[in-house]
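Enquirer: Sequence and computational prediction follow.
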Amino acid sequence: MGKKQVVVIDYGMGNLWSVASAIRFLGAEALITTNTKEISAAKYLILPGVGSFRRAMEIIKQNSIDQAILQSLSQSETKLLGICLGMQLLGSESSEDGDTQGLGLVQNTVRKFTNTADTRLKIPHVGFSEVKHDSNTKLFGGIPSGSCFYFVHSYFMGLTPDIKSVATCNHGTEFVAAFEQGQVSGTQFHPEKSQSIGLKLLKNFLER
Amino acid sequence: MLSRNFRLQKVGDIDWLEKNYGFSNVGFSIDELIVLDVSRNPRNRDEFSEVLKTLTNDCFAPIAAGGGINSVADATKLLRSGADKIVVNSALHSNKQLVSELAQEFGRQCIVASVDCKQVKGNFFIATNNGSNMTDLTLTDFLKQCSDLAIGEICINSIDRDGTGNGFQIELLDCLPKLFEIPVIISGGVGNYSHLAEGLNDSRVDAVATANLLNFMGDGLGSARSQLVNLGIDLPIFDLH
């Protein structure tokens, strides 16, 4: 068997280079592409992303990338990982820049961190923070709960009972640090920027 | 002065950097890496981007890059060469429009504002263009305007302390407004781990930066990090055992 091929979706936003470089480091092949045929045929899909939710969804829809993602997920062996904004895009909607609908693969909404009278949060939430998880998720296999991952974001996915297998982080409020639901998973943090622990998580994604 | 062996090193030479650092190793001593093109001659973007790619290959830590960023295209080039964040300095003052354009394109969390400060008669003033151009803007006034700027982090550097190894100019932090939402990085002057600890123990500081411990002090970074952990400072542990 040849190398596993991971399709990294290029919609013009985000640090594709680092994601691809981490995939290659792990011995798989990384294909950075905007091509919907390649996306819909993928077995391993990564949706990266940094930037505005609204803009990202506009580009994704204009280029029919949303349809291609759905098509690739119709093959039961396909796995999808959304990273940072990419994870948020998997949810139903975001209040960033006016309400925008997401891909709707999980029922979840995205809100902005805000300070109240008695909080003094730094916004964006930047840096390595502890992630708590339930040990039976595949993504976190071999990674102790409480390990630190690198975050950089102003918006977060709130916790809802709708998603199971959630890893959480706290920045003034508990939020979704990562989730795993069937074929679809996401991390708010950047595993490709979280040193060896991040690489371990990506390796788990490739092996599950 | 601790940076005494300047003449022995080709600062900025990629082969030297690779041979002596091996960023994939140094990566485990740092939370993030900042790479700046401080060329005084007209900058060669392509060359810097290539350097960045080489430098960041197999380095799985966040990377901020900058130096003379004048357009969205400049930023895009760096973001496509391994950078996660863009450091903007002179343009914060000369091209405010660019800061909003960058934020629209990449999100404000992608922008690290960097200010170089020099003390003149008790006040801290901001200098631009690699520190060569003194402005009449005080750090205090600049920080007041910051909430209107679409930036994700601010790095406050002391020109007076930079390269001395005498410790941070902690008084710079007195210029911060009471409620300041943007994460603050302090930079300039680190000579040993206790300086890093002084910064990290100040509640106004979110991160500390050093070039000195990286460039001129052998395995300074690795040992500084373990000293800080021994002091009980809460730093992430990267190694999986």
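Expert: Perfect, thanks for sending it.

Enquirer: all strands of chain A, in order?
Expert: For chain A, the strands defined by DSSP state E cover A:5-9, A:29-33, A:44-47, A:79-83, A:93-94, A:100-101, A:109-112, A:125-131, A:147-153, A:155-157, A:166-170, A:174-181, A:184-187.

Enquirer: List the buried residues for the first one?
Expert: What that stands for is strand A:5-9. Burial within strand A:5-9, assessed by neighbour count using 16 or more other Cβ atoms under 10 Å in any protein chain shown, is assigned to A:Val6, A:Val7, A:Val8, A:Ile9. Bear in mind the C-beta positions are built from the backbone N, C-alpha and C, glycine included.

Enquirer: just checking, what packs against it?
Expert: The helices and strands touching strand A:5-9, judged by 3 or more Cβ pairs under 8 Å, 6 or more residues apart in numbering or on different chains; DSSP states H and E, are helix A:16-25, strand A:29-33, helix A:36-40, strand A:44-47, helix A:65-73.

Enquirer: likewise the fourth one?
Expert: The elements that strand A:79-83 packs onto, with contact taken as 3+ Cβ pairs under 8 Å, 6+ apart, are strand A:44-47, helix A:65-73, strand A:184-187.

Enquirer: Let me know the average pLDDT across it.
Expert: What strand A:79-83 shows for mean pLDDT is 97.

Enquirer: How about the fifth one?
Expert: Computed over strand A:93-94, the mean pLDDT rounds to 92.

Enquirer: Neighbouring strands of that strand in the sheet, and parallel or not?
Expert: Strand A:93-94 sits in its sheet next to strand A:100-101 (antiparallel), strand A:109-112 (parallel), going by DSSP bridges.

Enquirer: Next: the third one.
Expert: In the sheet, strand A:44-47 lines up against strand A:5-9 (parallel), strand A:79-83 (parallel) (DSSP bridges).

Enquirer: what's around B:Lys178, how many residues?
Expert: 5 (other Cβ atoms under 10 Å in any protein chain shown).

Enquirer: Can you tell me how far it is from B:Lys144?
Expert: Separation of B:Lys178 from B:Lys144 (Cβ to Cβ, to the nearest Å): 11 Å.

Enquirer: what about the residue lying closest to B:Leu179 once chain neighbours are set aside, neighbour count?
Expert: Distances taken as Cβ to Cβ, 6 or more residues apart in numbering or on different chains place A:Arg120 nearest to B:Leu179, at 6.9 Å, with adjacent residues excluded. When counting by other Cβ under 10 Å, one arrives at 12 neighbours for A:Arg120.

Enquirer: before we move on, what about B:Glu171?
Expert: B:Glu171: 11 neighbours (other Cβ under 10 Å).

Enquirer: Next, the contact list for the closest residue to B:Asn57 other than its chain neighbours, please.
Expert: Using Cβ to Cβ, 6+ apart and skipping residues adjacent in sequence, the residue nearest B:Asn57 is A:Ser21, 6.3 Å away. Taking Cβ atoms under 8 Å, 6 or more residues apart in numbering or on different chains, we find A:Ser21 in contact with A:Ala30, A:Glu192, B:Thr56, B:Asn57, B:Asp58, B:Gly82.

Enquirer: Out of those, which is nearest to A:Gly49?
Expert: Distance to A:Gly49, by Cβ to Cβ, is smallest for A:Glu192 among these, at 12.2 Å.

Enquirer: on that earlier part again, of all the contacts of A:Ser21, which two lie farthest apart?
Expert: The largest separation in the contacts of A:Ser21, counting by Cβ to Cβ, is between A:Ala30 and B:Thr56 at 15.3 Å.

Enquirer: in chain A, which helix or strand is least confident?
Expert: Scoring the helices and strands of chain A by mean pLDDT, DSSP states H and E places helix A:16-25 at the bottom, with a mean of 89.

Enquirer: Going by neighbour count, which residues in stretch B:157-177 are buried?
Expert: When burial is assessed from 16+ other Cβ under 10 Å, stretch B:157-177 yields the following buried residues: B:157-170, B:172-173, B:175-176.

Enquirer: coming back round to it: and B:Gly189, which of the helices and strands packed on strand A:5-9 is closest to it?
Expert: Among the helices and strands packed on strand A:5-9, helix A:16-25 sits nearest to B:Gly189 (Cβ to Cβ), with 30.4 Å.

Enquirer: hmm, back to that, inside strands: which ones of the buried residues of stretch B:157-177?
Expert: Checking those against DSSP E, those in strands are B:Asn157, B:Ser158.

Enquirer: What about the buried residues of stretch B:157-177, which are in helices?
Expert: Counting by DSSP state H, no part of those is found in helices.

Enquirer: Dihedrals phi and psi, the most far-flung residue of chain A relative to its centre?
Expert: The C-alpha centroid of chain A is most remote from A:Ala117, which lies 31.3 Å away (Cα atoms, centre = their mean). The phi/psi pair for A:Ala117 (degrees, to the nearest 10) reads phi -60, psi -40.

Enquirer: Please determine how far it is located from A:Pro124.
Expert: A:Ala117 is 21 Å from A:Pro124, by Cβ to Cβ.

Enquirer: Give me every residue in chain A lying close to chain B.
Expert: A:13, A:15-18, A:21-22, A:25, A:50-52, A:55, A:85, A:115, A:120-124, A:126-128, A:142-143, A:148, A:150, A:152-154, A:190, A:192-200 (Cβ under 8 Å from any Cβ of the partner chain).
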